[in-house]
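> sequence first, predicted coordinates after that:
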Amino acid sequence: MRCILFCQNNYAFGILEPIKTYLENNGHDYIWYVNDKISADFPFKNEKNTSSITELENYKSDAIFVPGNEVPHYLRGLKVQIFHGLAGEKKGHFRIRHYFDLYLTQGPYFTERFNKLKSVHKDFDVIETGWPKLDIYGTDKSAFEQERKELLQKYNAKKILLYAPTFSPKLTSAPFLVEQIKSLSENKEYLILLKFHPLMDVSWIQIYTDLANEIPNIIFETEKNIIKFLLISDVLISDTSSVIYEFLLLDKPVITFNNISDNILWQNSSDYTELIPLVEKNLNEDPYSKERKFIFENYHPYNDGESAKRMVDAVADYIKKNGVPEKRKLSILRRFKINSIFKK
């Protein structure tokens, strides 16, 4: 099977890496598509990659794995949506853009919704596989335990707190927590990691970078893949972000501010001044530990580390039964949008 790993944003690298590894280990051919704007961040430069859509046309793929929202309709290959997060409450998560032949879902919550949409649109299929970015939870959850120990020792801290807000201007807590994070850092038993979305407003990135430069037990992390920081942290502070679910699936407490989900099963507050007592409460009591069971069962019930395998196998079986699409039919408006995005 010839596959394209399609990256429009740099968060795609960590999502697609387990698929890449499975393809490589099982004799499949693949090429990375890396948008020019993120080429400097691409971590697999020794592997076959391109920023040319024309080269992808000539590659004649069988399948295209896409963690984003768009893919050129005129490329040969089964166009597979594998998603870039678990935040179903975010605007657009369940929007059908008609670019995809197959949706590979993370768990029953997503599968049920997309199957309902399938019954309406009738131009795509849905298979539940789990999400490859979280395969490490099943295969090597302690991968960074030594690094955690070294950080705690270096900073003479006892707990690692991760602040990972969303970038969306309407949803982000970044403008409201600068002074609160600063006050939180006065407790030297806390090591505070700041991990911002790559699309975060640069002015807030600068403000928090300056804060980290000023205060020793605050670190502004620039590594692209957030998984390591999820694994080594004791509590997550956020707002409305997919990273919340990724952290909850590690069975650890989350604190959010003004989250818009209809089904909040963690500590949420509208009062930014409550950050310090909420951190203490969740570290000491973990009051929402029982509620996390719903997230485990519905958002991502797979803890075997084999979601990438399920995805590749599902695609191979689907192609065996249905063949490889040469292109996908789209409305004039959708074709125009794709042609505009990819400069055709």
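Arrived safely.

> which one's the longest helix in this protein?
As assigned by DSSP state H, the longest helix anywhere in the chain is helix 307-322.

> dump the residue contacts of the nearest residue to A314 once chain neighbours are set aside.
Excluding the flanking residues, the one nearest A314 by Cβ to Cβ, 6 or more residues apart in numbering is I127, at 4.8 Å. Any C-beta I mention is one placed from the backbone N, CA and C, and that applies to glycine too. I127 makes contacts with L102, Y103, L104, T105, A314, Y318, as judged by Cβ atoms under 8 Å, 6 or more residues apart in numbering.

> just the element for I127, please.
In this assignment (DSSP states H and E), I127 forms part of strand 125-128.

> chain center to that strand: distance?
Mean-position distance between strand 125-128 and its chain equals 19 Å (Cα atoms, centre = their mean, to the nearest Å).

> can you check stretch 172-191 too?
24 Å.

> alpha carbons of that stretch, in CSV - could you do that?
The C-alpha trace of stretch 172-191 is given here as CSV (Å, rounded to 0.1, in the frame of the first residue of the first chain):
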residue,chain,number,x,y,z
THR,A,172,-8.2,30.8,25.7
SER,A,173,-7.4,31.5,29.4
ALA,A,174,-4.0,32.9,28.6
PRO,A,175,-4.9,36.6,29.0
PHE,A,176,-6.5,36.0,32.4
LEU,A,177,-3.9,33.7,34.1
VAL,A,178,-0.6,35.6,33.8
GLU,A,179,-0.7,36.9,37.4
GLN,A,180,-2.3,33.8,38.7
ILE,A,181,0.5,31.6,37.3
LYS,A,182,3.0,34.0,38.7
SER,A,183,1.4,33.7,42.2
LEU,A,184,1.2,29.9,41.8
SER,A,185,5.0,29.8,41.2
GLU,A,186,5.6,31.3,44.7
ASN,A,187,5.1,27.7,45.9
LYS,A,188,8.6,26.3,45.2
GLU,A,189,7.3,22.8,45.5
TYR,A,190,5.7,23.3,42.1
LEU,A,191,7.5,23.2,38.8
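
> what mean pLDDT does it have?
In this model, stretch 172-191 carries a mean pLDDT of 97.

> the stretch 51-200 of the chain: strands as residue ranges?
63-66, 78-81, 102-105, 125-128, 159-163, 190-195 (DSSP state E, counting those that start in this stretch).

> so which of those strands gets nearest I341?
strand 63-66 (12.7 Å; Cβ to Cβ).

> just the CA atoms of that closest one, as PDB, please.
Presented in PDB, the C-alpha positions along strand 63-66 are these (Å, rounded to 0.1, in the frame of the first residue of the first chain):
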ATOM      1  CA  ALA A  63      -4.400   6.100   0.900                       C
ATOM      2  CA  ILE A  64      -4.000   9.600   2.500                       C
ATOM      3  CA  PHE A  65      -4.000   9.900   6.300                       C
ATOM      4  CA  VAL A  66      -5.100  13.400   7.300                       C
END
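
> where exactly do the helices run in the stretch 1-150 of the chain?
Using DSSP state H, counting those that start in this stretch, the helices of the stretch 1-150 of the chain run over residues 12-25, 53-59, 108-121, 135-139, 145-154.

> stretch 22-35: which residues count as buried?
For stretch 22-35, burial by neighbour count (16 or more other Cβ atoms under 10 Å) applies to Y22, L23, H28, Y30, I31, W32, Y33, V34, N35.

> show me where pLDDT drops low in this protein?
The chain contains residues with pLDDT under 70 at 90-91, 344.

> how's it carved up into domains?
2-131+301-341, 138-298 (automatic domain parsing).

> how distant is the shortest one from the center of its chain?
The chain centre lies 15 Å from the centre of domain 138-298; the measure is Cα atoms, centre = their mean.

> now swap in stretch 320-329 and tell me
27 Å.

> same check, this time on stretch 26-46
Its chain's C-alpha centre and that of stretch 26-46 lie 17 Å apart, by Cα atoms, centre = their mean.

> name the residues that touch that stretch?
Contact partners of stretch 26-46, identified using Cβ under 8 Å, 6+ apart, comprise 1-10, 13, 16-17, 20, 23-24, 47-51, 53, 55-56, 59, 61, 224, 312.

> end to end, how far does stretch 208-228 reach?
20 Å (Cα to Cα, to the nearest Å).

> then stretch 121-130?
End-to-end distance of stretch 121-130 (Cα to Cα): 23 Å.

> buried residues in that stretch?
Neighbour counts over stretch 121-130 (16+ other Cβ under 10 Å) mark F124, D125, V126, I127, E128, T129, G130 as buried.

> next: stretch 176-191.
Under the neighbour-count criterion of 16+ other Cβ under 10 Å, stretch 176-191 has L177, V178, Q180, I181, L184, S185, N187, Y190, L191 buried.

> of all pairs in the residues you listed, which one spans the longest distance?
Distance extremes for the buried residues of stretch 176-191: the farthest pair is V178 and L191 at 18.1 Å, using Cβ to Cβ.

> measure stretch 226-238 end to end?
Span of stretch 226-238 from end to end, Cα to Cα: 13 Å.

> what's next to it, contact-wise?
Outside stretch 226-238, the residues touching it (Cβ under 8 Å, 6+ apart) are 14, 133, 136, 141-145, 147-148, 151, 159-166, 173, 177, 193, 195, 221, 223, 243-244, 246-247, 250, 252-257, 275, 279, 282-283.
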